[in-house]
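> fold the stuff below for me.
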Amino acid sequence: MAFDIEMIKKVYATMATRVDAAREIVGRPLTLTEKILYSHLWDGTPKAAYKRGVDYVDFAPDRVACQDATAQMALLQFMHAGKKTVAVPTTVHCDHLILAKNGAKYDLEMANQQSKEVFDFLSSVSNKYGIGFWKPGSGIIHQIVLENYAFPGGMMIGTDSHTVNAGGLGMLAIGVGGADAVDVMSGMSWELKFPKLIGVKLTGKLSGWTAPKDVILKVADILTVKGGTGAVVEYFGEGATNMSCTGKGTICNMGAEIGATTSTFGYDDSMRRYLSATGRQDVVDAADKVAAYLTGDPEVYANPEQYFDQVIEINLSELEPHINGPFTPDRGTPVSKMKEEARANGWPIKVEWGLIGSCTNSSYEDMSRAASIVSQAVAHGITPKAEFGINPGSEQIRYTIERDGIIETFEKLGTKVFTNACGPCIGQWDREGADKGEKNTIVHSFNRNFSKRADGNPNTHAFVTSPEMVAALAISGRLDFNPITDTLLNDNGEEVKLNAPFGDELPNRGFDVEDAGYQPPAEDGSIVQVNVSPTSDRLQLLEPFEAWDGKNILGAKLLIKAYGKCTTDHISMAGPWLRFRGHLDNISNNMLIGAVNAFNQKTNSVKNQLTSAYEAVPAVARAYKAAGIPSVVVGDQNYGEGSSREHAAMEPRFLGVKAVLVKSFARIHETNLKKQGMLALTFAQETDYDKIQEDDTINFVDLVDFAPGKPLTLEFVHADGSKDVILANHTYNESQIGWFVAGSALNLIAAEANS
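Numbering: from 1, shown residues only. Reported below is the predicted structural model:
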């Protein structure tokens, strides 16, 4: 469980040497992002200048973290890699497969019964291959990583898009698909397009009702859900150093919602305080010796426009609390504007639920600040108008806030305390009445609020805000309540104005826990047996995907032309489907069932060209596969936005989809498609999207000449015999074309291991 201080010291020694060399070669001051990237180069040799957003570069991450829903497929793939143990420190965290319903004790017991087979599998595989295992109930992966493993200047990858949370401790922590994680666990390099750099200068200081959450809600409003694509966001300035470490983590966490590769902050006193409070004074001592390498050079922050591709400046002293949504995390509304916005858009004003927690906002500071609002309501005799629930971020957080009376404060208001797990944030919420599909509003401190994400109801209007604002809005029961100016009526009919929230950055008495929930791996994993029942409906051993036959793909059918937003939630839903994350055949029955068909504006209803009937997307895909007919998916902008889940790439691959052609991709999903041996293509002319017809047959004219930088020619043959020939761009380099040729990246790893 403990951090590896010797490994960290080696990272710092390498960083000092490589950053000095890189600064000399590049011939200018360096950002923090560049320092970490240059110090983690696979071959250790920086070029004079990497072309940002163009060059693919091989890196050597320091560690890997996997959550249970994605770890299943990642570890099933790793078992095929032919390795005896992982090559870098790796952990697995059981936080996704726990349904929030009745409260922590009951819900955890039910999860341990219902998902015992999966938890046992993850435990045994971890035991066998030298992987640290965090048991169900131990906490949310990103909070545990922040508390135990993250360190300034490090690089890690994780099989969850919110791995970026560790940027709050000065890391470059990046969400990837399981195949990327398998590469690193197998001792291979990890490839990333050298990112563009966005600098966010924070001036002033947060005060009153404004919280770190409002910084990223504002940034999301500015950049939108795709404005950070291909970029690392680096925060700096007096406003950054005036903020808590966990507050920085919140900001970095939601960087996933702007499409950013990751986000980070420079090493400062808040990180020293947090590391020391979580038992890592040794890391502070080591980091202090190389502190100048753990932040951007002074010249960079003095003249950021010269060193960043884009610079945003936010004055924290003037920043208002924000409430973002509904249905997208980048639609920002300052609290002072909510009354008019809600009225103009017809949003339900009554708040039904307030939810605090998730990997985004479940720290001690988050809980204590929210509790300060709850305690006022209790003291003044105010009955909350909405239901209330919290998810502590880890067992250490839960134990400590229980010791300090914070949980008792919440419970006095009737709050339901859920398990230390993701819960409602990822759709693991058995919300009573959600199946009725009624139009309603909930507010939460999570990171995503896509349609149907929290409770499966497409009419639930979910709004993202800070924990303290969630508390205020839930108590008032109104979306348009402004705690800065408005008052509440208590049970005696008296007007009460809530004071601004307050709370401790860290517990005054220190953190405490009886059993954090960690299981170390066996010293000799060779004696550990991993068994998967061939009749299991939860787990399925993987069969390698077929290699490319070297020929042009001809006679492919259009499976679906997706309209508008198509996130990984639309491609491979979570919620009740999480139980099948280790069974590729079963999980494939949810493929694209949430995507909107452009031809009839319906979900899960596409034309089967073999029968002319409209059927479920997976059923049509299986029909084409059974007939030996390849298929193609067409999509809109930022296709694959959201979670890192590689199931959204593996399912189409498994069901015979050969290519995904879209206007633009979200970064992680494009990489996942490539890793699984698929063609990830973009329209050379976006207007060609409009030429695609429902009965189209697709021919790949020059796939036999597939090469880096060379567009592919696709012929769309329409039902009337007419044709449209279009060009499709791609970003494949020679290595990635090798993945396609082999059938997947994993096929190459396995072949090398067996050679």
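
> what about stretch 145-156, start to end distance?
Using CA to CA, to the nearest Å, the end-to-end distance of stretch 145-156 comes out at 10 Å.

> so who does the residue of the chain most remote from its centre touch?
Among the residues of the chain, the one whose C-alpha is farthest from the average of all C-alpha positions is N492, by CA atoms, centre = their mean at 45.1 Å. In this structure, N492 makes contact with G381, judged by CB atoms under 8 Å, 6 or more residues apart in numbering. Where C-beta positions appear, they are placed from N, C-alpha and C, glycine not excepted.

> quick one: it and D486, what's the gap?
In this structure, N492 and D486 are 18 Å apart, going by CB to CB, to the nearest Å.

> which of the three states applies to the residue farthest from the centre of the chain?
Assigned by DSSP: H, G, I helix; E, B strand; the rest coil, the conformation of N492 is coil.

> in the protein, which residue is closest to the centre?
Relative to the centre of the chain - CA atoms, centre = their mean - the closest residue is S161, sitting 2.1 Å away.

> and it, what are its phi and psi?
Note on S161: backbone dihedrals following degrees, to the nearest 10 are phi -60, psi -20.

> mind listing the helices for the stretch 501-650 of the chain?
Ranges of helices in the stretch 501-650 of the chain, per DSSP state H, counting those that start in this stretch, are 568-571, 584-587, 617-626, 647-654.

> now mean neighbour count and mean pLDDT too, for those, in TSV please.
Conversion of the helices of the stretch 501-650 of the chain to TSV gives the following (neighbours: other CB atoms under 10 Å; pLDDT from 0 to 100):
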stretch	mean neighbour count	mean pLDDT
helix 568-571	26	94
helix 584-587	19	96
helix 617-626	20	98
helix 647-654	27	96
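
> need the ones you listed in a markdown table with distance to L192, can you?
Shown next, in a markdown table, are those (distance: least, CB to CB, whole Å):
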| stretch | distance to L192 |
| --- | --- |
| helix 568-571 | 19 |
| helix 584-587 | 26 |
| helix 617-626 | 31 |
| helix 647-654 | 17 |
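
> out of the ones you listed, which comes closest to D183?
Closest to D183 of the helices of the stretch 501-650 of the chain is helix 647-654 (CB to CB; 15.0 Å).

> relative to helix 617-626, how tilted is that closest one?
Going by axes from the mean of the first three to the mean of the last three CA atoms, to 10 degrees, helix 647-654 is angled at 30 degrees with respect to helix 617-626.

> by contact count, what packs against helix 647-654?
Helices and strands touching helix 647-654, as assessed by 3 or more CB pairs under 8 Å, 6 or more residues apart in numbering; DSSP states H and E, comprise helix 568-571, helix 584-587, helix 667-675.

> put the alpha carbons of it into CSV.
Listed next in CSV are the C-alpha coordinates belonging to helix 647-654 (Å, rounded to 0.1, in the frame of the first residue of the first chain):
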residue,chain,number,x,y,z
HIS,A,647,-15.7,-1.5,-24.2
ALA,A,648,-17.0,1.2,-26.5
ALA,A,649,-14.3,0.2,-29.0
MET,A,650,-14.2,-3.6,-28.2
GLU,A,651,-17.9,-4.1,-28.7
PRO,A,652,-18.0,-2.8,-32.3
ARG,A,653,-14.9,-4.7,-33.0
PHE,A,654,-16.4,-7.9,-31.6
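
> A680: how many residues sit nearby?
The tally of other residues near A680 (other CB atoms under 10 Å) stands at 26.
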